[in-house]
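S.K.: Here's my sequence, what's the structure:
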Amino acid sequence: MEFDFTALYLSSDTLTLQRQAKKSRHQEVLLVPERSFLCQWHVTYLDPQMRLEMEGRPVPANAKVLFVHSKTGQSLCIEEACKVKTMLGFEYEVTATTCLDSHKAEKECNHWIFKTGN
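M.R.: Numbers count the residues shown, from 1 in each chain. Next up, the predicted model:
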C-alpha cells in the first residue's frame, strides 16, 4: 500500500450560512491542499498581560498557547459538545471560535500545546 503525502494546510474563513461547521455552526476549519491567506494563523501567548512582551519570541515547548486566525481573529477551538462519529471512533469538531469566560479570558477549549517528547 502506498500513501500520498501531500501537504495540507489549516484553513478557515468568515462565518456564513453556507460555510459553517456541521454540528456547532461556528466558523468552519478545513484542511486544504493549497496555501492562501485563509491558511495564516499566529501563535499567541496565553496570558493577555504578557502578549505584547512575548510577541516575536520563540514559542516554548509544553506551554499553553492560542492559535489565532489572521483574517478573522478567532481562536482555534475544540468543540467538546460536538462529537462526530468516524470510522476511527468519536472525534471532536474543531472550529475557529474564541470562547471567553466571565473574566474575558479564553476558555480551556482554546488552549493548545506544542508537545515534545521521545
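S.K.: Give me the nearest residue to residue 85, chain neighbours excluded.
M.R.: Closest residue to residue 85 apart from its sequence neighbours, by Cβ to Cβ, 6 or more residues apart in numbering: residue 91 at 7.9 Å. In short, each C-beta sits where N, CA and C put it, glycine included.
S.K.: I figured the one you found hits residue 79, correct?
M.R.: No. The criterion here is Cβ atoms under 8 Å, and residue 91 misses it with residue 79 at 10.4 Å.
S.K.: Tell me which of those two has more neighbours.
M.R.: residue 79 (18 against 12; other Cβ atoms under 10 Å).
S.K.: residues contacting the residue nearest to residue 85?
M.R.: Shown in contact with residue 91 (Cβ atoms under 8 Å, 6 or more residues apart in numbering): 83-85.
S.K.: Pull out the buried members of those.
M.R.: Of the members of these, none is counted as buried by neighbours, 16 or more other Cβ atoms under 10 Å.
S.K.: follow-up on the earlier one: quick one: the residue nearest to residue 85 is in a helix?
M.R.: No. Membership of residue 91 in a helix is not supported by DSSP: H, G, I helix; E, B strand; the rest coil, which gives strand.
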